[in-house]
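**Q** the following comprises the amino acid sequence and a computationally predicted model.
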Protein chains: 2
Amino acid sequence: MSSAAGPDPSEAPEERHFLSTAEAAALERELLEDYRFGRQQLVELCGHASAVAVTKAFPLPALSRKQRTVLVVCGPEQNGAVGLVCARHLRVFEYEPTIFYPTRSLDLLHRDLTTQCEKMDIPFLSYLPTELINEAYGLVVDAVLGPGVEPGEVGGPCTRALATLKLLSIPLVSLDIPSGWDAETGSDSEDGLRPDVLVSLAAPKRCAGRFSGRHHFVAGRFVPDDVRRKFALRLPGYTGTDCVAAL
Amino acid sequence: MSSAAGPDPSEAPEERHFLSTAEAAALERELLEDYRFGRQQLVELCGHASAVAVTKAFPLPALSRKQRTVLVVCGPEQNGAVGLVCARHLRVFEYEPTIFYPTRSLDLLHRDLTTQCEKMDIPFLSYLPTELINEAYGLVVDAVLGPGVEPGEVGGPCTRALATLKLLSIPLVSLDIPSGWDAETGSDSEDGLRPDVLVSLAAPKRCAGRFSGRHHFVAGRFVPDDVRRKFALRLPGYTGTDCVAAL
């Protein structure tokens, strides 16, 4: 076919895997306001799917006992809530999660998700043992910052955690966007976190185009077909009852 | 080993698969009050797992187009809410659910779950086409009554729906307990619904001992190990990331 008659190359199908920050916010609003999804429900679906993505990238039978230890670093916003749910499901899947959650949200949802983890005997670290992470854990989950969330106070615990995560030699899994990256441009993708695995929640954000790690999963099976069409999302199909798909 | 030194036969391991009504209520209270699970969260987990159980008993690739049509009959209580979530996930898994939900709850959770199904274009029936069900659908999901819930007014829509479900020639899947059965004794198990598939939510209730259908699944992977131990539940292990296990 003549390319002259084809779509604008800037609108080529693979480009449409990605949502701008405004589109991602509009999609979430549509789910919450029009579809009446609850935040508890969405966070549970995303956290469960994130844990499933970890099992696909790092299957339990292939891991040594030490490699099953997962440090989940949670921020105070929604991304951190997804991290708490991810940690709980990882425990259910027989991994050994530990949580670092330095800036706690007062939000009831966060508090309840924290209680669930505490009662399931998932350890919470009171500080990040920067020197020991590579020795003590098999992998790290970055649930620190979501799209458009700033690390807060310079020198605060989230900024310090990000500095530590930049120095990891063990695998890093980022939820939704690698913390500190600009959701739109991916700037800081050179100088910032370099995750091995990215789990896009609902749908990939534009910065995911700069991701160059080994595995990119999308955890958005719960997004209704009509919403996918509305946002012109062309994503790979999910198989069977899988809640994540590899991109 | 001498049986004289062994456990009381009435406490034999297989008996401990089952919870009494009081134990089931205590387990749910523990999840809600001590572990701070939200009702939205539990209903989502149970409804998702119920849909996965349907896919295991009736795998999509083995079904004709007509067999993929699933009538989900929902009551006004928690069992019905789980049915609404099950219907949504069945649609996501590419089945063709239709819902009959004659007595609507005013509860916000039920209303939100109903909106999600409506917006996803899952049809709601305004009456149960008793004569046509066996021809129109491939299978039926019974989410009418949960443990300890009465059908309400004699001659009301739930009672009439149960009478219809007793006459099915297509497969029937009951969620938690077959509607109308006594959760404890399973009385009415002779004269009542005879499901082909039972999906026990959290853990099997005592009446499940009277179940004689083809597939019995337990959807309780979210129940923390400590709670399982506390209620002396000896259940089969879940595999990989499976949210249901066959008993």
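**A** Sure thing, it's come through.
**Q** show me where chain A has strands.
**A** A:69-74, A:96-100, A:124-125, A:139-143, A:172-175, A:197-201, A:215-219, A:245-246 (DSSP state E).
**Q** need those strands in TSV (columns: distance to chain B).
**A** In short, each C-beta sits where N, CA and C put it, glycine included. Shown next, in TSV, are those (distance: least, C-beta to the nearest C-beta, whole Å):
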stretch	distance to chain B
strand A:69-74	15
strand A:96-100	13
strand A:124-125	15
strand A:139-143	16
strand A:172-175	15
strand A:197-201	14
strand A:215-219	13
strand A:245-246	13
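**Q** redo the ones you listed as a markdown table? Include mean pLDDT.
**A** Putting the strands of chain A into a markdown table (pLDDT from 0 to 100) gives the following:
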| stretch | mean pLDDT |
| --- | --- |
| strand A:69-74 | 97 |
| strand A:96-100 | 98 |
| strand A:124-125 | 98 |
| strand A:139-143 | 97 |
| strand A:172-175 | 98 |
| strand A:197-201 | 97 |
| strand A:215-219 | 96 |
| strand A:245-246 | 94 |
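**Q** can I get those strands in TSV with distance to residue A:110 and mean neighbour count?
**A** Formatted as TSV, the strands of chain A follow (distance: least, C-beta to C-beta, whole Å; neighbours: other C-beta atoms under 10 Å in any protein chain shown):
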stretch	distance to residue A:110	mean neighbour count
strand A:69-74	9	27
strand A:96-100	12	22
strand A:124-125	13	15
strand A:139-143	12	28
strand A:172-175	15	28
strand A:197-201	17	27
strand A:215-219	20	24
strand A:245-246	28	16
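**Q** could these go into TSV alongside distance to residue B:213?
**A** As requested, the strands of chain A are exported to TSV (distance: least, C-beta to C-beta, whole Å):
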stretch	distance to residue B:213
strand A:69-74	39
strand A:96-100	37
strand A:124-125	44
strand A:139-143	41
strand A:172-175	40
strand A:197-201	38
strand A:215-219	34
strand A:245-246	33
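**Q** and the residue most central in space within chain A, how far from residue A:55?
**A** Chain A has residue A:175 as the residue nearest its centroid, 1.0 Å off, counting by C-alpha atoms, centre = their mean. Residue A:175 is 15 Å from residue A:55, where distance means C-beta to C-beta, to the nearest Å.
**Q** go on, residue A:149?
**A** The spacing between residue A:149 and residue A:55, counted by C-beta to C-beta, is 26 Å.
**Q** name the helices or strands packed onto the longest helix seen in chain A?
**A** Counting by DSSP state H, the longest helix found in chain A is helix A:39-57. Judged by 3 or more C-beta pairs under 8 Å, 6 or more residues apart in numbering or on different chains; DSSP states H and E, the packing partners of helix A:39-57 are helix A:78-92, helix A:108-119, strand A:139-143, strand A:172-175, strand A:197-201, strand A:215-219, helix B:39-57.
**Q** partners of the shortest one, with directions?
**A** Applying DSSP bridges, strand A:172-175 is found paired with strand A:139-143 (parallel), strand A:197-201 (parallel).
**Q** now tell me which helix or strand of chain A has the poorest mean pLDDT.
**A** Within chain A, no helix or strand scores below helix A:157-165, which has a mean of 90 by mean pLDDT, DSSP states H and E.
**Q** who touches that helix?
**A** Contact partners of helix A:157-165, identified using C-beta atoms under 8 Å, 6 or more residues apart in numbering or on different chains, comprise A:73, A:75-76, A:100, A:102-103, A:128, A:130, A:133, A:140, A:142, A:144-145, A:151-153, A:172, A:179-180, A:192-193.
**Q** apply 7 Å and report the result again.
**A** A:73, A:75, A:100, A:102-103, A:128, A:130, A:133, A:140, A:142, A:144, A:151-152, A:172, A:179-180, A:193 (C-beta atoms under 7 Å, 6 or more residues apart in numbering or on different chains).
**Q** same deal with stretch A:60-71?
**A** Stretch A:60-71 has contacts (C-beta under 7 Å, 6+ apart) with A:90, A:93-98, A:100, A:133, A:136-141.
**Q** and it, what's buried?
**A** Neighbour counts using 16 or more other C-beta atoms under 10 Å in any protein chain shown place A:63, A:67, A:68, A:69, A:70, A:71 of stretch A:60-71 among the buried residues.
**Q** and the gap between residue A:106 and residue B:38?
**A** From residue A:106 to residue B:38 the distance is 17 Å (C-beta to C-beta).
**Q** between the two, who's got more neighbours?
**A** Neighbours per residue, other C-beta atoms under 10 Å in any protein chain shown: of residue A:106 and residue B:38, the larger number sits with residue B:38, 22 against 7.
**Q** look up how far residue B:118 lies from the residue lying closest to the more buried one once chain neighbours are set aside.
**A** Spatial nearest neighbour of residue B:38, chain neighbours left out: residue A:40 (4.8 Å); criterion: C-beta to C-beta, 6 or more residues apart in numbering or on different chains. In this structure, residue A:40 and residue B:118 are 20 Å apart, going by C-beta to C-beta.
**Q** the more surrounded of the two?
**A** residue A:40 (22 against 14).
**Q** surely the more buried one meets residue B:42?
**A** No: using C-beta atoms under 7 Å, residue A:40 is not in contact with residue B:42, being 9.9 Å away.
**Q** in stretch A:44-54, which residues are buried?
**A** In stretch A:44-54, counting by 16+ other C-beta under 10 Å, buried: A:44, A:45, A:46, A:47, A:48, A:49, A:50, A:51, A:52, A:53, A:54.
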